[in-house]
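[1] Need a 3D model of the following:
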Amino acid sequence: MKPSMFHLFVLFFILSYVQGRFVVEKNSITVLSPHKLRGKKDGAIGNFGIPNYGGYILGSLVYPDKGSHGCQVFEGDKPFKFRSNRPIIVLLDRGECYFALKVWHAQLAGAAAVLVTDSIDETLITMDSPEESTDADGYIEKIVIPSVLIEKSFGDSLKDSLSNQDEVLIRIDWRESVPHPDNRVEYEFWTNSNDECGPRCDEQMDFVKNFKGHAQILERGGYTLFTPHYITWFCPKPFIESSQCKSQCINHGRYCAPDPEKDFGEGYEGKDVVYENLRQLCVHRVANESNRSWVWWDYVTDFHVRCSMKEKKYSKDCAELVMKSLDLPIEKIKKCVGDPEADVENEVLKIEQTAQIGGGSRGDVTILPTLILNNVQYRGKLERTSVLKAICAGFKETTEPQVCLSGDIETNECLQRRNGGCWQDRSANVTACKDTFRGRVCECPVVEGVQYKGDGYTTCEAFGPARCSINNGGCWSETRNKITFSACSESKVNGCHCPDGFVGDGIKCKDIDECKEKSACQCDGCSCKDTWGGYDCKCKGDLLYIKEQDICIERNGSKFGKILAIVVIAVVAIAGLAGYIFYKYRLRSYMDSEIMAIMQCVRNARHNKHKRRLNVYLLRTFRGGGKNSVLLL
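    Numbers count the residues shown, from 1 in each chain. Predicted structure coming up:
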């Protein structure tokens, strides 16, 4: 088919989709100096290079004297020399060449980042790399610095300040570019099974192969929820019966993809791509049902290696061989795929078409490949480390998995600048500084089950009954002559209090000299000697010192003591005798009352001629009663 006809067909795909909405992903740019420019502005993140997700760059701004568009290589070894040792951020003008080429030239000249100022007053747009260009092949993949587009008015004010020889200090910040609401990151990858679409297809397959390990670790650990997606279009109704729609679409024009080779007359057809996209979606759906969602990464990687278009193996049969090798249920996947020739909606692909139209902050998916993190689109090069950093930026502070705290992708701020500015107890090796991907938080820790409480910056105090087990609760403690005193009490949940015999604030305690202060051992004739944590008091002669009363008493028993002992014994004996007499009296009274009741009953029985019955009653009542029973009869 003629190229013009192919382009016309692709145009119909685009026209069927133009009602969508593209969202520009932004970061913040803060001017720290000069004072007259201080403030914060938005910038549009470039869709190439490596944005510093979760971090920021602080540097000095430079505007080239020559070649401000950056379309030519800057002259000299280090053309952007500056009087400070800060990183250099280069300001360039929009126009005359590709955005990516400007950034590449700035990177070659030693720039750490690039600001491109717009040439017209308009809302921010996303700087993208050229789709197909012989110029792009050599440098786009080599760009590793971030770039941002800024509004014309902001750029003009920066250039004016630089022209006045002001030092302009800029902070480009990506820490809030990815939402981070909780401890799980939800992300989507919009891709394509076609491996003949040029640099974009190569980029996405390289990403899948390189990122597979990280993705599967995060998915297995429950840290992420990953969902693959595939873009499809539909064929305009007037063309459904055309040979072009029939070769590029399945389910009667409902789901289509452009011809892989851009030639309808040879190679694979667009419907082959749609069919394999559908299979890959079903692989994920079926694997997810058995809690093996991460197998999708294995399938896509293996399919690309074993069933590539370049080797003419891109087919259903090859796909099923890959499924079998990964122990995937082929029949379930076939059922999920359905009948591509039927004139009906396909449940799986219908969901994909709906998902393409973004809602809220996400926007529509119009670029392949596209990564979406917590409902915002990732911008920049699809590279393993940069994507991992973006995912790590999506976790709520302090909930990041360990892979996000690796020194390869983040800086541990707790090891810098005086423990990150947080409280710490060096002697107990306890700190309130907790490293996070985006920086650090100062939060009083829990150590061995003991909670520390405080502001985390200047104070943290062990709290609870077990606090004395860790560095003695931060309280004073000292041992002398194998005797230890401590200002930490397990009977109290917090605070340090010097024990008896010591004075101080609990952090430091000093032994009290009770003898010198005359606070003890004041009895007549007593001699006082200060000791560690107390004192010794000796009485004259053979007297015994009673510390609680601070008095001396005879060591041997006195007459008073003997008399007191006799009195006590007598009192106890009398009390016992009285108790016994009272007991016998109560028992006798009880027996008398019982006998009187029985005698009354006898008289009544004789009077009423019921003696025999009474005798039976008495015999039962007083069985074993002995002489008393006989006499009563």
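
[2] C-alpha only now, for contacts and for neighbours.
    Will do.

[3] List the contacts of Ile333.
    The contact partners of Ile333, by CA atoms under 8 Å, 6 or more residues apart in numbering, come to 279, 282-283, 286.

[4] I'd assumed it was in a strand, is it?
    No - judged by DSSP: H, G, I helix; E, B strand; the rest coil, Ile333 forms no part of a strand; its state is helix.

[5] Just flag the most distant two among the contacts of Ile333.
    With CA to CA as the measure, no two of those lie farther apart than Arg279 and Val286, at 10.3 Å.

[6] So for stretch 420-432, what gets flagged as buried?
    If you call a residue buried by 16 or more other CA atoms under 10 Å, then stretch 420-432 has these buried ones: 420-424, 430-432.

[7] Let's test this: mean pLDDT of stretch 429-438, rounded?
    Stretch 429-438 carries an average pLDDT of 90.

[8] do the same with stretch 339-351
    When pLDDT is averaged along stretch 339-351, the result is 94.

[9] For that stretch, measure first residue to last.
    Distance between the boundary residues of stretch 339-351 (CA to CA, to the nearest Å) amounts to 16 Å.

[10] ok, now stretch 29-48?
    18 Å.

[11] Stretch 529-541 now?
    Taking CA to CA as the criterion, the two ends of stretch 529-541 lie 17 Å apart.

[12] Report the rounded mean pLDDT for that stretch.
    Rounded mean pLDDT across stretch 529-541 is 86.

[13] Pick out the residue closest to the middle of the protein.
    The residue lying closest to the centre of the chain (CA atoms, centre = their mean) is Thr399, at 1.2 Å.

[14] so where does the nearest residue to that one once chain neighbours are set aside fall, helix or strand?
    The shortest distance from Thr399 to any non-neighbouring residue, by CA to CA, 6 or more residues apart in numbering, is to Asn183 (5.3 Å). Under the criterion of DSSP states H and E, Asn183 resides outside all helices and strands.

[15] Contacts only, for Asn183.
    Contact partners of Asn183, counting by CA under 8 Å, 6+ apart, are 223, 395-396, 399-400.

[16] List just the nearest of those to Ile546.
    Thr399 (61.3 Å).

[17] Does that closest one fall in a helix, a strand, or a coil region?
    coil.

[18] Below-threshold pLDDT in the stretch 101-250 of the chain: ranges please.
    131-137 (pLDDT under 70).

[19] quick revisit: most neighbours, which of the contacts of Ile333?
    In terms of neighbours by other CA atoms under 10 Å, the contacts of Ile333 top out with Val283 at 26 neighbours.

[20] Need phi/psi at that one.
    phi -60, psi -50 (degrees, to the nearest 10).

[21] I'd guessed it sits against Trp297; true?
    No - counting by CA atoms under 8 Å, Val283 does not reach Trp297; the two are 10.0 Å apart.

[22] For Gly380, list the residues it contacts.
    Per CA under 8 Å, 6+ apart, neighbours of Gly380: 45-51, 146.

[23] can these go into JSON lines with extra columns for secondary structure?
    Formatted as JSON lines, those follow (three-state DSSP):
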{"residue": "Ile45", "secondary structure": "strand"}
{"residue": "Gly46", "secondary structure": "coil"}
{"residue": "Asn47", "secondary structure": "coil"}
{"residue": "Phe48", "secondary structure": "coil"}
{"residue": "Gly49", "secondary structure": "coil"}
{"residue": "Ile50", "secondary structure": "coil"}
{"residue": "Pro51", "secondary structure": "coil"}
{"residue": "Pro146", "secondary structure": "coil"}
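
[24] before we move on, back to that, so which of the buried residues of stretch 420-432 sit within strands?
    424, 430-431 (DSSP state E).

[25] with those in mind, which one is nearest to His229?
    Thr431 (44.0 Å).

[26] and the closest one, how far is that from Val493?
    20 Å.

[27] circling back to that earlier point, go through the contacts of Asn183 and say which is closest to His497.
    Taking CA to CA as the measure, His497 lies nearest Thr399 of those, at 37.1 Å.

[28] Show the model's pLDDT score for the closest one.
    You'll see Thr399 listed with a pLDDT of 93.

[29] show me where the stretch 401-550 of the chain has strands.
    Here the stretch 401-550 of the chain has its strands, by DSSP state E, counting those that start in this stretch, at 424-425, 430-431, 433-435, 440-442, 446-447, 450-453, 461-463, 477-480, 483-486, 502-504, 509-511, 527-531, 534-538, 543-546.

[30] burial count for Pro87?
    Neighbours of Pro87 using other CA under 10 Å come to 16.

[31] so what's it closest to, chain neighbours aside?
    Gly59 is the one closest to Pro87 (CA to CA, 6+ apart), at 4.6 Å.

[32] what's across from that neighbour in the sheet?
    Each beta-bridge partner of Gly59 is listed here, defined by DSSP bridges: Ile170.

[33] Show the contacting residues for it.
    Contacts here follow CA under 8 Å, 6+ apart; on that basis Gly59 touches 86-89, 169-171.

[34] pLDDT below threshold where in the stretch 301-450 of the chain?
    Applying pLDDT under 70 to the stretch 301-450 of the chain flags the ranges 359-361.

[35] The stretch 451-600 of the chain now?
    In the stretch 451-600 of the chain (pLDDT under 70), the answer is 555-572, 576, 579-580, 582-595, 597-600.

[36] Tell me which stretches of the stretch 101-250 of the chain form strands.
    Under DSSP E, counting those that start in this stretch, the stretch 101-250 of the chain gives strands at 113-117, 147-150, 169-173, 185-191, 224-230, 249-250.

[37] Dump the ones you listed into JSON lines; add distance to Leu382 and mean neighbour count as well.
    Listed next are those as JSON lines, based on distance: least, CA to CA, whole Å; neighbours: other CA atoms under 10 Å:
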{"stretch": "strand 113-117", "distance to Leu382": "18", "mean neighbour count": "26"}
{"stretch": "strand 147-150", "distance to Leu382": "15", "mean neighbour count": "27"}
{"stretch": "strand 169-173", "distance to Leu382": "20", "mean neighbour count": "22"}
{"stretch": "strand 185-191", "distance to Leu382": "11", "mean neighbour count": "20"}
{"stretch": "strand 224-230", "distance to Leu382": "15", "mean neighbour count": "20"}
{"stretch": "strand 249-250", "distance to Leu382": "29", "mean neighbour count": "28"}
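
[38] Serialize those to JSON lines and add fields for distance to Gly267.
    Shown next, in JSON lines, are these (distance: least, CA to CA, whole Å):
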{"stretch": "strand 113-117", "distance to Gly267": "42"}
{"stretch": "strand 147-150", "distance to Gly267": "39"}
{"stretch": "strand 169-173", "distance to Gly267": "47"}
{"stretch": "strand 185-191", "distance to Gly267": "21"}
{"stretch": "strand 224-230", "distance to Gly267": "21"}
{"stretch": "strand 249-250", "distance to Gly267": "15"}
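
[39] Residues contacting stretch 291-299, please?
    Under CA under 8 Å, 6+ apart, the answer for stretch 291-299 is 208-209, 212, 215-216, 219-220, 280, 283-285, 287-288, 322-323, 326.

[40] hmm, which of those are the buried ones?
    Buried among these by 16+ other CA under 10 Å: 208-209, 212, 215-216, 219, 280, 283-285, 287, 322-323.

[41] Among the contacts of Asn183, pick out the one closest to Ser469, please.
    For these, the nearest to Ser469 is Thr399 (27.9 Å; CA to CA).

[42] so how far is Arg171 from the closest one?
    26 Å.

[43] ditto for Pro181
    For Pro181, the distance to Arg171 - CA to CA - is 24 Å.

[44] Next: Ala432.
    27 Å.

[45] so what's Thr459 closest to, chain neighbours aside?
    Trp423 (6.1 Å).

[46] In contact with the one you found, which residues?
    Contacts of Trp423 (CA under 8 Å, 6+ apart): 431-433, 442, 456-460.

[47] quick one: which of the ones in strands among the buried residues of stretch 420-432 is nearest to Asp408?
    Looking across these and measuring by CA to CA, the closest to Asp408 is Thr431, at 23.2 Å.

[48] Quickly note the distance from the closest one to Gln451.
    12 Å.
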